[in-house]
Each structure stands twice: as structure tokens, then as C-alpha cells.
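**Student:** need a structure here:
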Amino acid sequence: PGEKGKTVMTKRILPVLLMTALLIPLSDAACSPPLTDPQRLKYPSLTFTPPEPERVELENGMVLYVLEDRELPVVNVSAVIGVGSAYDPAGLEGLAEITAHVMRTGGTRSMAGDEIDDILEFTAATISLSAGMDAASADLFVLKKDFDRVFQIFSDILIHPVFDGKKLELAKNLKIEDLRRVSDVPQRLAFREFRKVIYSGNPRGRLSTIESVGRIRKDDLKAFHKQFFFPRNIMMAVAGDVDRNEIIEKFRRHFAGWQNDGRVQPVPPPGEKASSSIYYLQKEGPQSTVIVGFLAPEKKSPDSYPFTLLDFIMGGGGFKSRIFREIRSNLGLAYSAGSFYEGREGYGVFGSYAITKSEATGTVLSRIRQILQDAGRRQVLEDELAWAQNAIVNSFIFSFSSTDMIATQQMMIEFHGLPPDYLRTYRNRIEAVNREDVLRVAAQYIRDDRATILVVGDEQKFDRPLSTFGDIHKIDWK
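**Tutor:** As a prediction, the model looks like this:
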């Protein structure tokens with residue numbers, strides 16, 4: 001046919017094709033079953049049983065957890081030592097942190113610190129030491145082929161550090177410069193000062209200063225190491241491409257001569273607050289940091305499970321939590337807001353916080369206190385509790401994302417005096433919590449008459465005087 005005929009045919013066929021295309025999906029949809037609401041979908045229960053590391057106690061009393069994993073040719077070793085900044089002698093605050101730092105950098109009897117650095121760089125291995133508040137840690141990561149060489153260095157650092165004088169001075173200078181800069185970040189300053197006031201009267205409330213770090217000498221490090229670094233005060237976990245019998249023998253050989261010459265007098269837990277306290281630190285700037293805190297259940301207390309859920313609902317759960325939703329989303333008065341809870345051995349700490357503009361300081365403090373008081377008066381909603389339980393249970397599996405995490409967690413369970421089945425029963429205990437449990441722990445632990453309140457900001461800009469909340473204790477940053 002000619003061009004004209006083709007045009008006519010195209011005009012006739014095109015509408016038919018378009019109609020057919022439109023009708024086909026409609027026809028298919030008519031024959032398809034109705035879609036199910038995703039919220040109503042049912043899934044079979046999933047069971048997850050993480051591998052369990054083997055516990056071995058060496059002849060010198062050191063506890064070792066071993067977990068084989070041949071997937072990758074790497075080995076991880078983690079150690080926890082029963083000492084931290086809470087054990088710093090009065091006037092030498094910062095000693096635990098400096099000791100851990102110089103143990104790593106200062107060399108051993110057989111090798112200088114710079115030589116250790118060169119070997120670690122050449123083998124792509126890492127050795128790190130640090131000291132927290134109640135415990136110190138030492139960690140090793142190394143390829144399997146280099147394990148023997150690097151593990152010798154690791155064990156030598158723990159047993160025979162020499163605390164080189166130049167490395168000590170460098171560590172002190174770094175810490176002093178860090179302390180000088182604390183006030184550059186108001187939020188960091190606020191949380192540091194909060195630790196001082198929540199632990200007031202307890203060694204955990206004594207923090208390092210420029211003066212205390214400046215007083216630290218080499219003999220102090222040597223004495224601190226001798227007192228706290230010994231086999232019965234250390235636990236270790238090893239995971240990776242290892243043979244169980246071989247690795248235990250290597251640990252026995254490397255640590256066989258280490259004597260239990262040290263001694264540890266446990267630091268008592270902080271005492272209960274008899275009344276509410278309001279602390280204020282003047283810091284010029286456009287923002288205020290408000291923290292309201294309480295002592296809370298220790299980690300091995302049955303109350304820690306409902307309190308974990310309470311914290312999640314109050315502020316630990318992010319956007320849907322009460323403090324975040326009210327102060328940031330509804331009122332628009334905070335750049336950041338939330339809560340935290342940490343159960344420790346013998347005690348726990350809970351805190352709620354907000355970083356707000358100076359002109360809203362009083363309003364935000366008042367609202368946080370109201371939200372917290374309300375938690376002890378009325379039960380949380382069923383939806384809130386279910387949301388918190390699902391989130392915590394579903395995220396729990398990430399605690400087992402690697403074998404070194406599993407081995408280290410089991411080590412820490414024993415270190416904190418928790419029952420051996422703590423991880424296995426954790427999900428069930430969280431799921432067993434009801435609304436009455438959450439209300440009970442809120443009323444018991446979050447008592448406004450025992451709150452520790454800290455405000456860091458510019459008082460001249462506040463929307464109301466802090467004195468309207470009670471007697472103010474002004475503190476100075478130094």
C-alpha cells in the first residue's frame with residue numbers, strides 16, 4: 001500500500017493497541033487475590049543460637065575464652081583488666097589513662113616503642129590499650145601468619161612495660177592539651193561535669209585536671225602497673241583462625257611466669273542521693289546543655305530489664321521517644337534530645353538531656369522534669385512498650401555479628417559477675433516485661449526529689465532564673 005494507506009492503517013490500529021494495553025492490567029488485577037496488609041503478615045518464629053566460646057582457666061588464675069572461626073585468616077585477642085580511672089590515687093587523677101597509653105607506646109624490656117610501631121605497621125596488625133572508669137582494655141588484631149610474632153609483643157607489653165620517659169612526657173602533653181580544649185565543645189564539657197556531680201563523694205567523680213596530670217611521674221606508672229596488672233585481675237578472649245589446643249598452649253607459655261603480686265581493693269558503688277541538686281556552670285554562647293540524671297539499677301539487677309525499656313521509651317529510642325518527640329519535634333526547642341542508661345557492676349546511671357537555645361533553657365528543663373515525673377505516675381502505652389521491646393530484641397542479634405564480639409561478650413559477662421546464661425535469656429527477659437514493671441521502676445528510681453540536674457550555658461540569656469527550680473550550686477570549670 002501507498003504512504004496514505006499506511007497512515008490510515010496506523011490511525012486505525014493504534015487506538016486498538018492502546019485499549020488492549022490498558023485492559024490487560026485491569027483484567028489481571030481483577031483476577032488477582034486481594035493484597036494483604038503488611039502489618040498482618042505472619043512469619044514463623046526464628047531461632048538464633050550463637051556459638052559459645054570455651055572457658056579455660058590457666059594455672060596462674062587468668063581466665064581465657066576461646067572461639068574458633070576459620071572463615072578468615074585473622075586472630076582477635078581482647079583483654080579486660082580490673083582497673084580504671086576510679087582507682088586513680090587522689091591527686092594523680094589521669095594515672096590509669098596515662099599508664100595504659102604509655103604501656104602501648106613506651107616499649108618493653110626487649111623492644112623499643114618505635115620498633116613495635118614499625119613491626120605493627122609492617123604486619124598490618126594493631127595493638128591498643130585504654131582505660132575507662134571501672135576497667136581497662138587491651139586488644140590485638142593480627143593476620144594468622146604473623147600471630148606468634150605479634151602475640152609475643154602483646155604479652156610483653158602487658159607483663160614488662162618500661163614506660164619510656166620521653167613517651168610519658170608526650171602522653172602527658174597530649175592529655176593536658178586535650179583538657180585545655182574540653183571547654184571548646186560545651187556538650188563535652190557538660191557531660192564531663194555531669195559525671196563529677198552524679199558521682200559526687202565517690203572516687204568515680206574525681207576527674208583528671210591539668211595539675212593532676214602534670215604531677216604524674218614514671219614511678220607512679222610502674223607502681224600502678226605492678227598493683228593492678230596481674231593474671232587474676234585479667235580476663236582474655238581469643239577468636240579467629242586458631243586451633244583450640246594450640247592457642248591455649250601459647251597463652252600458657254607466654255604468661256606462665258607472670259606472678260600474682262598485685263592487689264585490688266574494689267571501689268564502692270556511689271551512694272544514694274538524699275535530695276535533689278541543681279548545678280550550674282557559666283558558659284557563654286547561644287546554646288545550653290541541660291542534663292537531668294539519677295542513679296539507676298545495676299546491670300545484674302532484675303530491674304535492669306524494665307529500666308532498659310523505660311530508657312528507650314523516654315529518650316533512648318530516638319525520634320519516637322517521648323523526650324525527643326516532645327522537646328524537638330513538637331516544641332522545636334532542641335537541637336538534640338534523648339536519654340541514656342548504663343547498668344554497671346553495683347550501680348547504674350540514667351540521664352536525660354537536651355541541647356537547646358539559651359532563651360529556652362528554663363522551659364526545656366521544666367518539660368524534661370515533667371516528662372520524667374509522668375513516667376512514674378502513669379503506665380506507658382501498650383504500643384510504646386511493644387515498640388521498645390521489638391526494637392531492642394531485633395537489634396540484639398547485632399551483638400553477635402562476629403566471633404570476636406561473641407567471645408568478648410562472654411568474657412565481659414563473667415567480668416561483671418552476670419550469670420553465664422545472660423545472653424541466652426536476655427531476649428526472653430525483655431519480652432516478659434509488662435507495663436506494671438516499667439511503671440514500678442520509673443517510680444522507684446526516677447524520683448524528682450533525688451535528681452541531679454546540671455545546666456551549662458549563659459545565665460544572662462535564660463528565659464527564667466534557675467533559682468526558680470531550687471538552690472543552685474555554681475561550679476567552675478578547671
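
**Student:** quick one, phi/psi of the nearest residue to Met314 once chain neighbours are set aside?
**Tutor:** Distances taken as CB to CB, 6 or more residues apart in numbering place Ser339 nearest to Met314, at 4.7 Å, with adjacent residues excluded. The way it works is simple: take the backbone N, C-alpha and C, and place the C-beta from them, glycine included. With angles defined as degrees, to the nearest 10, Ser339 sits at phi -150, psi 170.

**Student:** beta partners for Ser339?
**Tutor:** Ser352 (DSSP bridges).

**Student:** Read off the pLDDT value for Asp476.
**Tutor:** On the pLDDT scale, Asp476 is placed at 86.

**Student:** That one contacts Leu281, correct?
**Tutor:** Yes. With contact defined as CB atoms under 8 Å, Asp476 counts as touching Leu281 (7.5 Å).

**Student:** The two: which has the busier surroundings?
**Tutor:** Ranked by neighbour count (other CB atoms under 10 Å), Asp476 and Leu281 place Leu281 first, with 21 against 7.

**Student:** Contacts only, for Ser128.
**Tutor:** Applying CB atoms under 8 Å, 6 or more residues apart in numbering to Ser128 gives the contacts Arg104, Ser137, Ala138, Asp139.

**Student:** Can you add pLDDT and secondary structure and give those residues back as TSV?
**Tutor:** As requested, the contacts of Ser128 are arranged in TSV below (pLDDT from 0 to 100; DSSP: H, G, I helix; E, B strand; the rest coil):
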residue	pLDDT	secondary structure
Arg104	98	helix
Ser137	99	strand
Ala138	99	strand
Asp139	99	strand
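
**Student:** Quick one: residues contacting Phe398.
**Tutor:** By CB under 8 Å, 6+ apart, Phe398 has no neighbours at all.

**Student:** Just say helix, strand or coil for it.
**Tutor:** On the three-state scheme (DSSP: H, G, I helix; E, B strand; the rest coil), Phe398 is labelled helix.

**Student:** gap between it and Gln409?
**Tutor:** Distance, Phe398 to Gln409, using CB to CB, to the nearest Å: 12 Å.

**Student:** what does Gly332 give?
**Tutor:** Noted for Gly332: a distance of 40 Å to Gln409, by CB to CB.

**Student:** Which one of these two is surrounded by more residues?
**Tutor:** Counted by other CB under 10 Å, Gly332 and Gln409 do not tie: Gln409 has more neighbours, with 18 against 10.

**Student:** From the contact counts, what lies against the helix or strand that that one is a member of?
**Tutor:** Using DSSP states H and E, the element containing Gln409 is helix 403-415. Applying 3 or more CB pairs under 8 Å, 6 or more residues apart in numbering; DSSP states H and E, we find helix 403-415 packed against strand 63-68, strand 74-81, strand 234-240, helix 422-431.

**Student:** let's see 6 Å
**Tutor:** strand 63-68, strand 74-81, strand 234-240 (3 or more CB pairs under 6 Å, 6 or more residues apart in numbering; DSSP states H and E).

**Student:** With mean neighbour count as added columns, please give those strands in TSV.
**Tutor:** Shown next, in TSV, are the helices and strands packed on helix 403-415 (neighbours: other CB atoms under 10 Å):
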stretch	mean neighbour count
strand 63-68	21
strand 74-81	23
strand 234-240	26
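
**Student:** So which of those is nearest Val455?
**Tutor:** Closest to Val455 of these, according to CB to CB: strand 74-81, at 35.4 Å.

**Student:** any idea of the mean pLDDT in that closest one?
**Tutor:** The model assigns strand 74-81 a mean pLDDT of 99.

**Student:** ditto for stretch 335-344
**Tutor:** Rounded mean pLDDT across stretch 335-344 is 96.

**Student:** Same check on stretch 368-386?
**Tutor:** Mean per-residue pLDDT for stretch 368-386: 97.

**Student:** So for it, first residue to last residue, what's the gap.
**Tutor:** 23 Å (CA to CA, to the nearest Å).

**Student:** contacts for that stretch?
**Tutor:** Val292, Ile313, Arg322, Ile323, Ser352, Arg435, Val438, Leu439, Ala442, Ala443, Ile446, Asp448 (CB atoms under 6 Å, 6 or more residues apart in numbering).

**Student:** any idea which helix or strand carries Glu93?
**Tutor:** Per DSSP H and E, there is no helix or strand for Glu93.

**Student:** Give the full set of residues in contact with Gly348.
**Tutor:** Counting by CB under 6 Å, 6+ apart, Gly348 touches Ala296, Pro297, Glu298.

**Student:** wait, doesn't the first one sit right on Arg447?
**Tutor:** So the one you mean is Ala296. No. With contact defined as CB atoms under 6 Å, Ala296 does not reach Arg447; the gap is 11.3 Å.

**Student:** If you count surrounding residues, which of these two has more?
**Tutor:** Neighbour count, other CB under 10 Å: between Ala296 and Arg447, Ala296 has more, with 25 against 15.

**Student:** Tell me what that one is bridged to.
**Tutor:** The partner residues for Ala296, given DSSP bridges, come to Gly348.

**Student:** just to revisit the earlier point, what's the closest of the helices and strands packed on helix 403-415 to Leu179?
**Tutor:** Nearest to Leu179, of all the helices and strands packed on helix 403-415, is strand 74-81, at 23.9 Å by CB to CB.

**Student:** Compute the inter-axis angle for that closest one and strand 234-240.
**Tutor:** 170 degrees (axes from the mean of the first three to the mean of the last three CA atoms, to 10 degrees).

**Student:** Let me see the ranges of the helices in the stretch 351-478 of the chain.
**Tutor:** For the stretch 351-478 of the chain, applying DSSP state H, counting those that start in this stretch gives helices covering 361-375, 382-396, 403-415, 422-431, 435-445.

**Student:** between the ones you listed, which one is nearest to Val150?
**Tutor:** Of the helices of the stretch 351-478 of the chain, nearest to Val150 by CB to CB is helix 403-415, at 15.5 Å.

**Student:** Toward the C-terminus, what is the element adjacent to the one helix or strand in the chain whose mean pLDDT sits lowest?
**Tutor:** Ranked by mean pLDDT, DSSP states H and E, the helix or strand of the chain with the weakest confidence is helix 3-31, at a mean of 50. Where DSSP H and E defines the elements, the next helix or strand beyond helix 3-31 is strand 54-57.

**Student:** buried ones in stretch 174-185?
**Tutor:** Lys175, Ile176, Leu179 (16 or more other CB atoms under 10 Å).
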